[in-house]
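Peer 1: predicted structure and sequence below. I'll ask about it afterward.
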Amino acid sequence: MLWRMAWRNLWRHRTRTLIMTSAVAFSYGLCLFSMGMGDDGHGQMLDEAAKGAGGDVLVHEKGYWEDKSSDLVMRRGQEILSTVESVPGVRAAIPRVLITGLVSSASGTRPLLLQGIDPEREKALKDYSEDLSSGVYLDQSSRSDPLVLGAVIVEKLELDLGDRVVLTASQPDGEVTRALFHLTGVVKTGFREVDEMAGFTTLGAAQNAISATGMLTQVGVVMVEGLPSDTVANRIRASLRPVGEDLEVLTWQEAVPEMVGFIQIDDAFLYIYLVVIFAIVAFAIANTFLMAVMERVREFGLLNALGLRGGGVARLLLTETLLMTLLAMAIGFVLGFAGHLAASHWGIPVALWGVDDMELSGIDFSNMVMRSVVNPTKWVAASILVALVTLGSALYPAWRASRFEPAEAMRLYE
Amino acid sequence: MSGQETPTGGPSEAGATWQNGALIRMRQITRTYQDGALEVHALRGVDLDIAEGEFTSLAGPSGSGKTTLLNIIGVLDKPTSGRIEVTGTDITRLDKGEAADFRLEKVGFIFQAYNLVPVLTAYENAEFTLLLRGISPHERREKVEPLLERVGLGDMMDRKPHELSGGQQQRVAVVRALATSPALILADEPTANLDSETSAGLLDLMLELNQELNTTFLFSTHDPVVIERARRVVRLLDGRVDGRAQRTGN
Amino acid sequence: MISAKIGFRNLTRNRWRSGLTLGGIAVSVAFMVWILGFMEGWLGAMVRGATAVETGQVEVQKASFADNPRVYRSFTATTAMLDTVARVPGVKAVSPRVRLNGLVGNEEKSVVARIFGVDPTKEAETTPITDALVQGRWLGLDPPAYPAPREVVLGSGMARQLGVAPGDELVVFLEAADGSLGNDLLEVVGIVTTGNTSVDRMTAYMHLKDAQYLAALGDQIHELAISTTDLLGARATAGRVAASLGAQTQGVRDGDGESIDPDGLLVRPWQEILPSVYQMLTISRQSNWMTYLLIYLVAAIGLLNTQRMSALERKREFGVLMAIGMRPRKMFRMIVTESLVLGSLGGLLGTALGAAVTWYHATAGLDLSLFTEHGEFTFMGVAFSGRMYSILTPMAAIQPIVVMVLVAFLAGLWPAVKSARLDPAPTIAGRQ
């Protein structure tokens, strides 16, 4: 009975109900949609950050990540690699030799980060052969000193395929040495860090270049889905203890904390926006309810006189609010979810906003396409909050309504 | 004065010119409107002349059409058929804007309730019509202050409506209506919310003003206090003038 | 004006209603003021961080060097040239530089380095490098006499990698203009943390004369780094610098940069040198309008609602006013004025509130660790940590209220139109 009255009351004042409902529906839908897109964006950033760092977990000689210095190599490379591979939770262990040095051609010199990799194993994380713009990738080349360079380096050094290239770098023992390579391939990824500064060669060629046979700079770990990186890192640490070398095991979050920082700040700002929007909505709703109560004073006085006590009037109002909230949230949910589906199906490329080059914490996001992902916990939490805010705005007006004396109420009009 | 007599003399204060001396001439006025699914015949053919300086009451039970007739005379409503001239102007030809201007200059209104703007003082309410006409503040003061004094509200000019009694509020309405020196003042149930003593006082005041200024007063009412004091009573029944019960002269 | 008088007084009629409406408007305006001030601070820091130390706001280089930096693509800068440029309106200071690539290290390690050969005094005038000193001192006025090692100031990241502190010695190898490998002994005299990641990780500062000698450049330089008085006005300043030198420009006017003589000098503003930073600036500014839309839309709904309900409540009052002769246009204007009063008043409150909070954040800063446990992040190559400072610009303080008044006007149109269209008769007769 109360529900029927409440529902009809809502529709007696159709425009007003529609205005309020649309305000709540819009804000709620916006809330869900932005959370969905934000979470997707952040998820991508996290993935890219892990990739950019080199893996979900990284293993190096102690102090390497901080210094990146060439004398910090893991001498028992093979042993360490096999040990890490066998740790539960590790999907792939990727061996790398990383050399910072200078690369020169007849036309000049440029700084270079040369990665000596195992192309097959590297595919577990990234496959650079997809970005090959000319020449052949490492696994196709028969040379013993193949070199694949970023397109910008090739351009600035005026290189052609097959040209000789000299690498100048330090060996683990500190001596500066030079090694000869031949350009076999060019990659164009669109990522500044790769195109301008990176080169790839085979693990063996890299080890030979700096007289570091059998040694590795880094083992990058790709984890099994769903495990927190901490857990796997701990397991790896434990399993490596018997090996004896002084090693460090880092989760990617420890390796690139700035990315984590950025994501947290971005999230925080989203919440601030939503809080402000809801504050404004709450003001409007409280206002509307208050005015509605004033307007219906006579009606309440009448109900009172007919025997419906003060508490009953308040209950009626709260029921109306509840129905309106449910209606608004249903509509808002449909809107938000529709937005989520649209975004996850079509995606919105970041490039649409005219960004050619967006770099965050060293990771390039220019090609990111924003989709949407639902985080059920967040969505439920948001829904509860929205419901509370909307219902809460009606509390004071409902309380006021319950305190009207019938006679006074009837007299107030005419 | 009977409705058929012709007063002579120069133009009244309002500067109206008319033919045959009648301020208002109505012939066969009908007014029909839709109220949801129903068709309501509020007026079914009213013939009436009102002369300048009359103090006349339209009387009749609810539904007799008196309010509708008053609204038509005040150019708030248009008749469905018939002819009506006020101060010589065929008011059925006026568009909305012209009607508003006509009301502002030629007619004063006093309503039963909601007469005054709640947030304005008595003085500000009273000068409102002059303000709408663009009269300067100085001239407004010259016109309104004496009128307020005249109706006994000289020391209550700064009060807001909720600080005035019902009767005092109606007096402010009277001043506002008179401020523009209209030819005609229309009052729709002005005493409906007042007790009989206050009603009597209000009516006596209006009677005095009518005699002083020769402004025509036309009431729509079923309050005996008003009817008693009217010099002429036109009874309406079911949308027509009830020819049987007419009182004139006082 | 009577409408304004009625509008203002109507606020007192129902204190809760006015209060809540003003509250909603004030919150939205306050938030916009704060966001604008915050963005100004953050974007300004980003642009300054990206440009101030590394490139300056305007650069003069040989066009071929700008396209592809090579040691031998140098030019002569006379004292007269430096003076001419320094006198150009908009130029704050000029620093002549040599830019070299090399390896810096000792027996244990060596790292790839970008070497800036600078005039210590001029560099300190043009860039905030001396503010960035964390250990030791800046380069001395003149290079020490031989056989003492050359002075070098390292970026903190590089210093950490090499494990050196002021007083330690290093060796430098670099590519000279004549193709040979220049080398020399260095002594670390200072370490800087500029907040610009590429400077901190890879850059070493030497005396201009030392660098010229090592790289066999004679008295030639690679670039003039110029700081301008106005960050955004760098384009115009670049144009003037080019005019004073008779040089080419890129990124100053439409169409320039199209046919460039590689041997001539080229002047570029930072917007051209670091287009990604400029893009980020533009996009962030645009996203402000998105925020305006969302926040003000919600506030507008609230205002519309209030005005509508108020108009409905006063139907009879309006009917009387129109009956006594108030023209519809005047009625319309009266209600629109009320909306404007609400918008302006709420806007003023909001501006005051927003300005207060922004001013607090401008002076004391906003603690980033509130949002993230690390309290730091890097964006576009600039490191942010600790506290973020807003800037209360006149635009940030004035724009939100101006937009709000406009929005209030628009939101108030519907109730105003509906009230102006009222037919007085039925209202008075009680038929409605």
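Peer 2: Thanks, I have the structure now. Numbering: from 1, shown residues only, chains lettered A, B, ... in the order given.

Peer 1: give me every residue in chain C lying close to chain B.
Peer 2: Chain C comes close to chain B at residues C:2, C:5-6, C:9-10, C:12-13, C:316-317, C:319-328, C:330, C:424-425, C:428-429, C:431, as judged by CB under 8 Å from any CB of the partner chain. For the C-beta atoms, the positions are set from N, CA and C on the backbone; glycine is no exception.

Peer 1: narrow those residues to just the buried residues.
Peer 2: By neighbour count, with 16 or more other CB atoms under 10 Å in any protein chain shown, the residues of chain C next to chain B hold C:2, C:6, C:9-10, C:316-317, C:319-328, C:330, C:424-425, C:428-429 as buried.

Peer 1: sort out for me which of those are in helices.
Peer 2: Secondary structure from DSSP state H places C:2, C:6, C:9-10, C:316-317, C:319-323, C:328, C:330, C:424-425, C:428-429 of those in helices.

Peer 1: near chain A, which of those show up?
Peer 2: Applying CB under 8 Å from any CB to those, none is adjacent to chain A.

Peer 1: was I right to think residue C:8 contacts residue C:340?
Peer 2: No - under the criterion of CB atoms under 8 Å, residue C:8 makes no contact with residue C:340, lying 10.8 Å away.

Peer 1: who has more neighbours out of those two?
Peer 2: residue C:340 (20 against 15; other CB atoms under 10 Å in any protein chain shown).

Peer 1: give me the pLDDT for that one.
Peer 2: As predicted, residue C:340 sits at a pLDDT of 93.

Peer 1: do I have it right that residue C:198 meets residue C:54?
Peer 2: Yes - counting by CB under 8 Å, residue C:198 touches residue C:54, with 6.7 Å between them.

Peer 1: when those two are compared, which one has more neighbours?
Peer 2: residue C:54 (21 against 16).

Peer 1: ok, which stretches of the chain are strands?
Peer 2: In the absence of a named chain, this looks at chain A. A:57-61, A:90-105, A:108-117, A:132-135, A:146-150, A:164-170, A:176-187, A:198-202, A:218-223, A:247-251, A:348-349, A:359-360, A:363-364, A:369-370 (DSSP state E).

Peer 1: wait, I meant chain B there
Peer 2: According to DSSP E, the strands that chain B contains are B:22-35, B:38-51, B:55-59, B:81-86, B:89-90, B:107-110, B:184-188, B:216-221, B:232-237, B:240-241.

Peer 1: doesn't residue C:190 lie inside a strand?
Peer 2: Yes - per DSSP: H, G, I helix; E, B strand; the rest coil, residue C:190 lies within a strand segment.

Peer 1: who's it bridged to?
Peer 2: Note on residue C:190: beta-bridge partners residue C:136, residue C:153, judged by DSSP bridges.

Peer 1: count the residues that sit near it.
Peer 2: Residue C:190 has 21 nearby residues by other CB under 10 Å.

Peer 1: surely it touches residue C:130?
Peer 2: No - when contacts are counted by CB under 8 Å, residue C:190 is not listed as touching residue C:130 (9.2 Å).

Peer 1: where does the closest residue to residue C:262 other than its chain neighbours sit: helix, strand or coil?
Peer 2: Sequence neighbours aside, residue C:64 is the residue nearest to residue C:262 in space, at 3.9 Å (criterion: CB to CB, 6 or more residues apart in numbering or on different chains). Assigned state for residue C:64: helix (three-state reduction, three-state DSSP).

Peer 1: thinking again about what came up before, anything in contact with each of residue C:190 and residue C:130?
Peer 2: Here residue C:190 and residue C:130 share the contacting residues residue C:138, scored by CB atoms under 8 Å, 6 or more residues apart in numbering or on different chains.

Peer 1: give me the residue at the spatial middle of chain B.
Peer 2: residue B:186 (0.7 Å; CA atoms, centre = their mean).

Peer 1: can you pull the contacts of it?
Peer 2: When the contact criterion is CB under 8 Å, 6+ apart, the partners of residue B:186 are B:70, B:73-74, B:107-110, B:218, B:220.

Peer 1: count the residues that sit near residue A:102.
Peer 2: Look at residue A:102: counted by other CB under 10 Å, it has 23 neighbours.

Peer 1: oh, I was asking about residue A:346
Peer 2: Residue A:346 has 10 nearby residues by other CB under 10 Å.

Peer 1: closest residue of the stretch 101-250 of chain C to chain B?
Peer 2: residue C:232 (48.3 Å; CB to the nearest CB).

Peer 1: burial count for that residue?
Peer 2: 15.

Peer 1: can you tell me how far it sits from chain A?
Peer 2: 18 Å (CB to the nearest CB, to the nearest Å).

Peer 1: where does that residue sit: helix, strand or coil?
Peer 2: coil.

Peer 1: for it, give me phi and psi.
Peer 2: Phi and psi for residue C:232, reported as degrees, to the nearest 10, are phi -80, psi -20.

Peer 1: just the one 5 residues further on next, same as before
Peer 2: Summarising the backbone geometry of residue C:237 under the convention degrees, to the nearest 10, its torsions are phi -60, psi -40.

Peer 1: that one: what's it in contact with?
Peer 2: C:57-58, C:88-91, C:226, C:228-230, C:269.

Peer 1: is residue C:306 in contact with residue C:338, as I believe?
Peer 2: No - at 9.7 Å, residue C:306 does not count as touching residue C:338 under the criterion of CB under 8 Å.

Peer 1: with neighbour numbers in mind, choose between the two.
Peer 2: residue C:306 (29 against 26).

Peer 1: the more buried one belongs to a helix, doesn't it?
Peer 2: Yes - the assignment for residue C:306 (three-state DSSP) places it in a helix.

Peer 1: what sits closest to it if chain neighbours are left out?
Peer 2: Per CB to CB, 6+ apart, closest to residue C:306 is residue C:21, 4.5 Å.

Peer 1: check which helix or strand the one you found maps to.
Peer 2: helix C:15-51 (DSSP states H and E).

Peer 1: any weak-confidence spans in the stretch 1-150 of chain C?
Peer 2: Regions of the stretch 1-150 of chain C meeting the criterion pLDDT under 70 cover residues C:1.

Peer 1: residue numbers of it in contact with chain A?
Peer 2: C:14, C:16-17, C:20-21, C:23-24, C:27-28, C:31, C:68, C:70-71, C:101-103, C:105, C:107-112, C:114.

Peer 1: can you select the buried ones from those in PyMOL?
Peer 2: To isolate the buried members of those in PyMOL, using 16+ other CB under 10 Å:
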select buried, chain C and resi 14+17+20+21+23+24+27+28+31+70+71+101+102+103+105+109+110+111+112+114
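
Peer 1: helices and strands of chain A: which one has the lowest mean pLDDT?
Peer 2: Every helix and strand of chain A was ranked by mean pLDDT, DSSP states H and E. The lowest is helix A:406-411, at a mean of 56.

Peer 1: so who does residue A:177 touch?
Peer 2: Per CB under 8 Å, 6+ apart, neighbours of residue A:177: A:168-171, A:209-211.

Peer 1: domains in the chain, by residue range?
Peer 2: All of this is about chain A. A:2-50+A:259-411, A:63-245 (automatic domain parsing).

Peer 1: wait, chain C was what I had in mind.
Peer 2: Looking at automatic domain parsing, the domains of chain C come to C:2-49+C:287-429, C:56-273.
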